[in-house]
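[1] My questions are about this predicted structure, shown below with the sequence.
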Amino acid sequence: MRIVLDAMGSDHAPQVDVAGGVRAARRFGQEITLVGDQKRIQQELDQYDTAGLKLTVVHADQVIEMGEHPSEAVRNKPGSSMVVGMKLVRDGQADAFVSAGNSGGVLATALVSAGRLERIHGVQRPAISTLVPTAGAKTLLLDIGANTDCKPDWLVQFALMGSAYAKVLGVTNPRVALLANGEEDTKGNAAVQAAHALLRQLPLNFVGNVEGKDIVRGIVDVIACDGFVGNVALKTAEGVFSMILSQIKQEIKAKPLTSLGGLLAKPAFKTVSKKLDYREYGGAPLLGVNGVVIIAHGRSDALAMENAIGVAINCVENKLVEGVRSDIEASLPTLTRLMQPQQQT
């Protein structure tokens, strides 16, 4: 297996990207191809003992920066690490692409650049998915930013693609829900209400609506929503998790007695901290394209990049793209039939 890593993607590229690539090559034993400025990448690689590791470098002389407009950047920079790396996957020379760069740039590269993978047949809009730590098993949330204004059938397809990814993660019969402002069938905006009615008629384990408070309860496996709502919900959850951990640490240090109690509870705090640490989840798959594409946090460190590569390997081994394609194709005739009356009105 060959995984392509955009070595110029993260906020601290190429240092943490290369470090993560080295760690992943050592941990997983797969070939990792680092794409970017060859001289800078090699300077970083020289700091590690890479003997016996499957590491290769492909030069790319341009970088899509975080602040650039995605579509314009991929058109104006055909030699960027994103475009060059994505071409390797598109042409069958690699099995997956991982980047902590501009997420809009990754999406645009996959769909509109010279290296594009294109959408799986029948997919209206690809979606970015991510795992959210919960009180129970992890919950998959999508979309988290690729599509801010969604039509009902897009939300339905997010649910289908999320269900397919949940199966890759080992969930036998994923419980799927829509994110709304209430559990009743009539809650949500017009798109959510219409999507709810459609999902009721598809062969999917759809359990109805959930509210924002339910995201972290672990009562469902997949939550579908538009990218605007999903991104706000995810960032809010991350902020709350960070605040809670910070407050607990401050209170423990405030008094000698609580410090002693904190020392005794340290193993439990470490377990919880690890569960809430975004770095442990690695990256978010871009679902709906003809290839495994993983988007990592821009602030990723070496551990996060290592785990993002691990996510890519898992998706390849468990045939994520094939699973999404199969579920979309199976539901497409029914969804098309159900959507025709709405399109005619």
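    Thanks, I have it. Residues are numbered from 1 along each chain as shown.
[2] Just the strands from this protein, written as ranges.
    2-6, 31-36, 55-59, 96-99, 127-132, 139-142, 176-179, 206-210, 222-224, 283-287, 292-296 (DSSP state E).
[3] who touches the second one?
    Counting contacts by Cβ atoms under 8 Å, 6 or more residues apart in numbering, the residues outside strand 31-36 that touch it are 1-8, 13-14, 17-18, 21-22, 24-25, 41, 45, 53-60, 63, 81, 84-85, 88, 94, 309. (Each C-beta comes from the backbone N, C-alpha and C, glycine too.)
[4] 6 Å - rerun?
    2-8, 14, 21, 24-25, 41, 54-58, 60, 81, 84-85 (Cβ atoms under 6 Å, 6 or more residues apart in numbering).
[5] Same question for the fourth one.
    With Cβ under 6 Å, 6+ apart as the contact definition, strand 96-99 has outside contacts at 3-6, 9, 85-86, 89, 106, 292-294, 308-309, 312, 316.
[6] And the furthest pair within these?
    Taking Cβ to Cβ, the two most distant members of these are Gly9 and Val316; they sit 19.3 Å apart.
[7] Give me the more crowded residue out of these two.
    Neighbour tally, Gly9 and Val316, criterion other Cβ atoms under 10 Å: the higher count belongs to Gly9, 31 against 20.
[8] neighbours of the residue nearest to the more buried one when sequence neighbours are not counted, just the number please.
    The shortest distance from Gly9 to any non-neighbouring residue, by Cβ to Cβ, 6 or more residues apart in numbering, is to Gly101 (3.2 Å). Counted with other Cβ under 10 Å, residues neighbouring Gly101 total 28.
[9] And Lys187, by the same measure?
    16.
[10] show me what contacts the closest residue to it other than its chain neighbours?
    Leaving aside its chain neighbours, Lys187 sits nearest to Ala180 (4.5 Å; criterion: Cβ to Cβ, 6+ apart). For Ala180, the contact set (Cβ under 6 Å, 6+ apart) comprises 187-188, 192, 209.
[11] Please repeat the previous calculation with a cut-off of 7 Å.
    Residues in contact with Ala180, defined by Cβ atoms under 7 Å, 6 or more residues apart in numbering, are 187-188, 192, 209, 211.
[12] now, among the residues you listed, which is nearest to Leu286?
    For the contacts of Ala180, the nearest to Leu286 is Val192 (22.7 Å; Cβ to Cβ).
[13] Just confirm that closest one contacts Leu178, I think it does.
    Yes - assessed by Cβ atoms under 7 Å, Val192 is found in contact with Leu178 at 5.7 Å.
[14] So if I had to pick from those two, which one is more boxed in?
    Neighbours per residue (other Cβ under 10 Å) separate Val192 from Leu178, with Leu178 holding more: 27 against 21.
[15] Who is that one paired with across the strands?
    Asn209, Ala224 (DSSP bridges).
[16] Please report the distance of Lys319 from Ala96.
    Distance of Lys319 to Ala96, given as Cβ to Cβ, to the nearest Å: 12 Å.
[17] hmm, I was thinking of Phe206
    For Phe206, the distance to Ala96 equals 29 Å [Cβ to Cβ].
[18] about what we covered before: need the residues touching each of Val192 and Leu178.
    Going by Cβ under 7 Å, 6+ apart, residues that sit against Val192 and also against Leu178 are Leu155.
[19] And the furthest pair within the contacts of Ala180?
    Val192 and Glu211 (12.0 Å).
[20] List the contacts of the closest residue to Arg116 other than its chain neighbours.
    What sits nearest to Arg116 in space, not counting adjacent residues and going by Cβ to Cβ, 6+ apart, is Ala110, at 6.0 Å. By Cβ under 7 Å, 6+ apart, the residues touching Ala110 are 86, 116-117, 286, 289, 293.
[21] and the two most separated of these?
    Arg116 and Leu286 (12.2 Å).
[22] These two: which is more packed in?
    Neighbours were counted for Arg116 and for Leu286 using other Cβ under 10 Å; Leu286 has more, 26 against 19.
[23] Quick check: Val58 touching Val84?
    Yes - using Cβ under 7 Å, Val58 is in contact with Val84, at 6.4 Å.
[24] Between these two, which has more neighbouring residues?
    Each of Val58 and Val84 has its neighbours counted (other Cβ under 10 Å); Val84 has more, 23 against 19.
[25] Any figure for the gap between the more buried one and Arg116?
    13 Å.
[26] Could I get the buried residue list for stretch 92-109?
    Going by neighbour count (16 or more other Cβ atoms under 10 Å), the buried part of stretch 92-109 is 94-109.
[27] from the residues you listed, which two are the most distant?
    Asp95 and Gly104 (23.7 Å).
[28] The residue nearest the centre of the chain bridge partners, please.
    Closest to where the C-alpha atoms of the chain average out (Cα atoms, centre = their mean) is Ala284, at 1.1 Å. Listed by DSSP bridges, the beta-bridge partners for Ala284 are Ile295.
[29] domain assignment for this structure?
    1-123+288-319, 128-280 (automatic domain parsing).
[30] Name the stretch among those that sits most buried.
    domain 1-123+288-319 (a mean of 21; mean count of other Cβ atoms under 10 Å).
[31] Quote the end-to-end distance of that domain.
    Distance between the two ends of domain 1-123+288-319: 13 Å, counting by Cα to Cα, to the nearest Å.
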